[in-house]
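Q: have a look at this prediction, sequence included:
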Amino acid sequence: MNVTSKAWVLRGGLVRVPLIQLEQRTSSAVERRPYIWAVASGKGGVGKSFVASNLGMALAKQGKKVVLVDLDLGSANLHTCLGIPSPKTTLSHIIEKNVSNMNDFIVYGHEPNLGLISGASDSLHVANLLHYQKLKIMRNLARIDADYIILDLGAGTNFNTLDFFLFADQGLLVVIPEPTSIENGYRFFKSILTRQLKDLPAKTKKLINQVLTEHKNEKGVARSFAGFLEDMEDLHPAHAHGIHKVLSRFKLNLIVNQVIEPSDTKLGAALSVMFRKYFDTPIYVLGYLYHDSHVLHALRQKQAYYAAFPQSRNATCLERMALEMVEQSASDLVDTVRLES
Amino acid sequence: MKSKHYYAILNIEPQASSLEVLHAYRDMKQLYQPDSLAVYSLYEDDEVAILLAQVEEAYLVLSDADKRPLYDIEHGFVSSPQRNDEADYMVQPPPVREESVKIIRHHGAKPLRNIDVPDVVNGAVLKNIREMQGIGLSDIAYNTKISMEYLQAIEANDVAHFPAAVYMKSYLKQYAESIGMNSQLVLDRYEALHSS
């Protein structure tokens, strides 16, 4: 079978093939695969759940079928952001039971196009997913009947969070204009890089270590990841090619949340330059959202912000970002088809 | 190393116009300020200082209409014909007309030629050479910060007007440089005239 370029072999032998590839190659027996976005941040409290829920809302308003999945296990609260106080079914049901159809576990609020698989749970063990449980969720996510799935990941850099982020088609990093958030955002991406490079052949990994130890701080400037890549290209071009191939899978996006000062709006562009310079990885700036006390109002009224304040400037920003997301998802799938043919 | 070339440092394409170079320079300088959020936790303060110095170095060369083509040739970049020069008209000075010469001189433009020093140098000769180049006395006063009174004294051969000979020497040298003449030769011949 010609599963090339875009079919990602994940740990555990799970193979992901985007929707259009499947449609082209196989019969109608194969179900549509949703396009998956993962929202992460590194630092907690920067508004991941806010961004995930409201982007989901904005996408749903555009007629897309969206399912939000709360993977902030152990401290899930996406249902509250959406105004669904106590969801009947949650992820822990899926983990514990033998589930054949995850679609039965989606709960709906006021918006018919927007479903939620809640992470709320009575089980105290849910925060520590076992490997097979993680694979089970991933396998089932791909079978959900929706156009878009938005994963709301937890803060921090534990393996489950990293793996779900890597599993998604597009990653969305949320930062706020604060040193702590930026620091943890970079830390998160470094963890992602390390996690991703783990899949490289043993020989490449050995050479990576060699290059990292032998070529340190020649000019007084800390070795950036981009600098390391250049060294690898000079010394071991074949292996460097392998690393580039792994890196090119990243589809990263950025949202700057809680913008207060006018200068904060430029942070996205500055971060994008640093990602290119330091990590040699492009990150697309999806946009920014203003700091707004009405977010708290909406939460207290147990309403989704986008639904409660559809005239706010943040609502406009969210709509624009949702449009971008649709466009990017479409072009990603078109690229895949082009690579195939 | 490809990331070390000046275009990479300023984060622009080698085809960038001079306006784009200027904007990139401003942006990168902003990026490497001590309170910049975007570099926080990636670099230490002293490393940021080095990066900032690299930006300055890159800008010095790429913003220079003479140095940049040389740099391009040396490092194998495509030079000017393919550059995005449609944006350049915004930074180019307006075309020079006769009446605007004085204004341009006012902003510190140096005389282009090295003028031969005649055998006999006196105030009238100096004045003649100055006027031939279209340089006003006030331009020299503006650039050298020497008062008009002393500049006029030089041209009027009024050596006694200066509080001491050393002032006259210094002012005369600066005057000579301002009109593109060898200052030492001018001084020697001007003095020779007055001591005799």
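A: Right, received. Where do you want to start?

Q: and residue 193, what does it touch?
A: With no chain named, the answer covers chain A. A:L193 makes contact with A:F225, A:L247, A:F279 under the criterion C-beta atoms under 8 Å, 6 or more residues apart in numbering or on different chains. For glycine as for every other residue, the C-beta is placed from the backbone atoms N, C-alpha and C.

Q: my question was about chain B
A: B:V120, B:V121, B:N122, B:N157.

Q: is it true that A:K203 touches A:G242?
A: No: with contact defined as C-beta atoms under 8 Å, A:K203 does not reach A:G242; the gap is 9.7 Å.

Q: and the contacts of B:L193 as CSV, adding secondary structure and neighbour count?
A: Listed next are these as CSV, based on DSSP: H, G, I helix; E, B strand; the rest coil; neighbours: other C-beta atoms under 10 Å in any protein chain shown:
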residue, secondary structure, neighbour count
B:V120, coil, 11
B:V121, coil, 22
B:N122, coil, 17
B:N157, coil, 15
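
Q: mind putting those residues in TSV, pLDDT and distance to chain A included?
A: Putting the contacts of B:L193 into TSV (pLDDT from 0 to 100; distance: C-beta to the nearest C-beta, whole Å) gives the following:
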residue	pLDDT	distance to chain A
B:V120	87	58
B:V121	88	53
B:N122	89	58
B:N157	90	59
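
Q: spell out which parts of the stretch 51-200 of chain A neighbour chain B.
A: Proximity of the stretch 51-200 of chain A to chain B (C-beta under 8 Å from any C-beta of the partner chain) is limited to residues A:P177, A:E178, A:P179, A:I182, A:E183, A:Y186, A:R187.

Q: neighbours around B:Q184, how many?
A: Look at B:Q184: counted by other C-beta atoms under 10 Å in any protein chain shown, it has 11 neighbours.

Q: before we move on, the earlier item: A:K203 and A:G242: who's more crowded?
A: Between A:K203 and A:G242, counted using other C-beta under 10 Å, A:G242 has the larger neighbour count: 17 against 12.

Q: excluding its backbone neighbours, what's nearest the more buried one?
A: A:T204 (5.5 Å; C-beta to C-beta, 6 or more residues apart in numbering or on different chains).

Q: give me the contact list for the helix or strand containing that neighbour.
A: For A:T204, the element it lies in under DSSP states H and E is helix A:202-214. Helix A:202-214 is contacted from outside by A:L197, A:K198, A:L200, A:R223, A:F228, A:D231, A:M232, A:L235, A:H236, A:H239, A:G242, A:I243, using C-beta under 8 Å, 6+ apart.

Q: buried ones in that helix?
A: A:T204, A:L207, A:I208, A:V211 (16 or more other C-beta atoms under 10 Å in any protein chain shown).

Q: before we move on, what about stretch A:236-249?
A: By neighbour count with 16+ other C-beta under 10 Å, stretch A:236-249 contains the buried residues A:H236, A:H239, A:A240, A:G242, A:I243, A:L247.

Q: right, and the third one touches A:M232 too?
A: To tie it back to what came earlier, the one meant is A:A240. Yes: between A:A240 and A:M232 there is a contact at 4.0 Å, judged by C-beta under 8 Å.

Q: quick revisit: mind checking how far the residue nearest to A:G242 is from A:F228?
A: Noted for A:T204: a distance of 13 Å to A:F228, by C-beta to C-beta, to the nearest Å.

Q: relative to chain B, which of the buried residues of stretch A:236-249 is nearest.
A: A:A240 (12.8 Å; C-beta to the nearest C-beta).

Q: now the contacts of B:L193 as CSV including distance to B:E47?
A: Listed next are those as CSV, based on distance: C-beta to C-beta, whole Å:
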residue, distance to B:E47
B:V120, 61
B:V121, 56
B:N122, 60
B:N157, 60
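
Q: and chain B, which residues reach chain A?
A: So chain B meets chain A at B:1-3, B:11, B:27-28, B:30-31, B:36-44, B:46-47, B:50-51 (C-beta under 8 Å from any C-beta).

Q: redo that, cut-off 7 Å
A: Residues of chain B found near chain A (C-beta under 7 Å from any C-beta of the partner chain) are B:1-3, B:11, B:31, B:37-44, B:47, B:50-51.

Q: show me the chain divided up by domain.
A: Unless you meant another one, I'm taking chain A. Annotated domains of chain A cover A:8-194+A:252-340, A:199-249 [automatic domain parsing].

Q: wait, chain B
A: B:2-90, B:100-195.

Q: follow-up on the earlier one: min pLDDT across the residues of chain B next to chain A, which one?
A: Lowest pLDDT within these is found at B:M1 (43).

Q: how about the helices of the stretch 151-300 of chain A, start to end?
A: Assigned by DSSP state H, counting those that start in this stretch, the helices in the stretch 151-300 of chain A fall at A:159-167, A:179-197, A:202-214, A:225-235, A:237-247, A:267-279, A:294-300.
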